[in-house]
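Peer 1: Sequence and predicted model, in that order:
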Amino acid sequence: MTKIFLGLCLLLFVYYAIRNKQKLNSRIRGIEVPTDVVETPFSQALAQLASIAGGIYISLVTIISFLELSVPGKFNFWGVEVNTLAGISLVMALLQPFLMNFYYSLKNNL
């Protein structure tokens, strides 16, 4: 029962992270009228999430190999083995829109 609840919480968190990324994109670029209806805001946000997580992953691999740190290769997440650095980069990419919203709210209040 707790696994189902935690899974639903994780899905809800991912949904809100993608929704916040969509809001950030519209705030930065302004509202644009699409001329070619191929991509949706959800697909754009998901692609950006994957690219941000990939960039963070490459940076983490570079830093860890440069510093010659020892990091566990994989960890178990609800019965699924996940690469440690990939998991960290995905969590950081999911937190990024929330942190950016927080930053913009602080910046606008000053």
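Peer 2: Noted; the coordinates are in hand.
Peer 1: Pull out the buried residues from the helix or strand where residue 8 lies.
Peer 2: In this structure, residue 8 sits in helix 2-29 according to DSSP states H and E. For helix 2-29, the neighbour count (16 or more other CB atoms under 10 Å) marks 17, 18, 20, 21, 22, 24, 25 as buried. C-beta here means a position set from N, CA and C on the backbone, and glycine is covered the same way.
Peer 1: and what of stretch 75-85?
Peer 2: residue 85.
Peer 1: One more: stretch 39-59?
Peer 2: Buried-residue list, stretch 39-59, by 16+ other CB under 10 Å: 45, 48, 49, 52, 53, 56, 57.
Peer 1: Include pLDDT and secondary structure when you put those into JSON lines, please.
Peer 2: Output for the buried residues of stretch 39-59, formatted as JSON lines (pLDDT from 0 to 100; DSSP: H, G, I helix; E, B strand; the rest coil):
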{"residue": "45", "pLDDT": "81", "secondary structure": "helix"}
{"residue": "48", "pLDDT": "85", "secondary structure": "helix"}
{"residue": "49", "pLDDT": "86", "secondary structure": "helix"}
{"residue": "52", "pLDDT": "88", "secondary structure": "helix"}
{"residue": "53", "pLDDT": "90", "secondary structure": "helix"}
{"residue": "56", "pLDDT": "89", "secondary structure": "helix"}
{"residue": "57", "pLDDT": "90", "secondary structure": "helix"}
